[in-house]
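>>> can't give you the sequence, but here's the structure:
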């Protein structure tokens, strides 16, 4: 078996959402609870569901690395780290530390990050996450008991968690100009020393552009929405 995509989800329900969107995009998918003990045959993608969203940082990193190494051993050329579309996390993590560890372990130098899922009312503009018509910081997520989200600026949120990386932004104007423009912007950010970049997305067309532009990356960090554009992977 050679996978086209290896996925790690930070909780079970998020893994299910991601698997569903990949199937909708035309991929053959298996979802597992934890790292499988043996290869999985005749699929395009495996989604490994973990319980890492609110686990201690060291545990979340270790579990995610174990999943990524198994997926790469099955031939996955890219890891899709699935996070919540409301970017549930704290100033300590776990999104930033896990993303940095996965990127380093894969030998990559840059990853795109977007929790956007317009179909569910999650959009990103100028790096700010909206829940419906509300900024994330004005939504009910502000009062979440474990991961209160009081800042809608995802560049700032992720930078607070990413001790080893500069965080940048791919704006909507780049996305609206198409995949080549996004790739050019990512190249600029790379040269500036940025390792993680939030990407704006307002509709499904934006997700298709981002999926196309990131095909060559070793890691993407996203909500389940980006999987809508993964139909592109079936042409590999």
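Noted; the coordinates are in hand. Only a predicted model underlies this, so the values are computations on that prediction, with no experimental measurement involved.
>>> low-scoring stretches of the chain, by residue?
Residue ranges of the chain with pLDDT under 70: 1, 231-236.
>>> where along it do the strands fall?
Secondary structure of the chain by DSSP state E: the strands cover 5-9, 29-33, 45-49, 79-82, 111-114, 122-125, 128-131, 134-135, 166-170, 194-199, 219-222.
>>> and these as JSON lines, adding mean neighbour count and distance to residue 182?
Bear in mind the C-beta positions are built from the backbone N, C-alpha and C, glycine included. Converted to JSON lines, those look like this (neighbours: other Cβ atoms under 10 Å; distance: least, Cβ to Cβ, whole Å):
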{"stretch": "strand 5-9", "mean neighbour count": "27", "distance to residue 182": "19"}
{"stretch": "strand 29-33", "mean neighbour count": "17", "distance to residue 182": "25"}
{"stretch": "strand 45-49", "mean neighbour count": "26", "distance to residue 182": "22"}
{"stretch": "strand 79-82", "mean neighbour count": "26", "distance to residue 182": "17"}
{"stretch": "strand 111-114", "mean neighbour count": "27", "distance to residue 182": "8"}
{"stretch": "strand 122-125", "mean neighbour count": "24", "distance to residue 182": "14"}
{"stretch": "strand 128-131", "mean neighbour count": "21", "distance to residue 182": "19"}
{"stretch": "strand 134-135", "mean neighbour count": "16", "distance to residue 182": "24"}
{"stretch": "strand 166-170", "mean neighbour count": "22", "distance to residue 182": "6"}
{"stretch": "strand 194-199", "mean neighbour count": "25", "distance to residue 182": "8"}
{"stretch": "strand 219-222", "mean neighbour count": "26", "distance to residue 182": "12"}
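>>> put together CSV for these, with distance to residue 153 on each row.
Putting the strands of the chain into CSV (distance: least, Cβ to Cβ, whole Å) gives the following:
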stretch, distance to residue 153
strand 5-9, 25
strand 29-33, 32
strand 45-49, 29
strand 79-82, 21
strand 111-114, 13
strand 122-125, 10
strand 128-131, 6
strand 134-135, 9
strand 166-170, 10
strand 194-199, 9
strand 219-222, 17
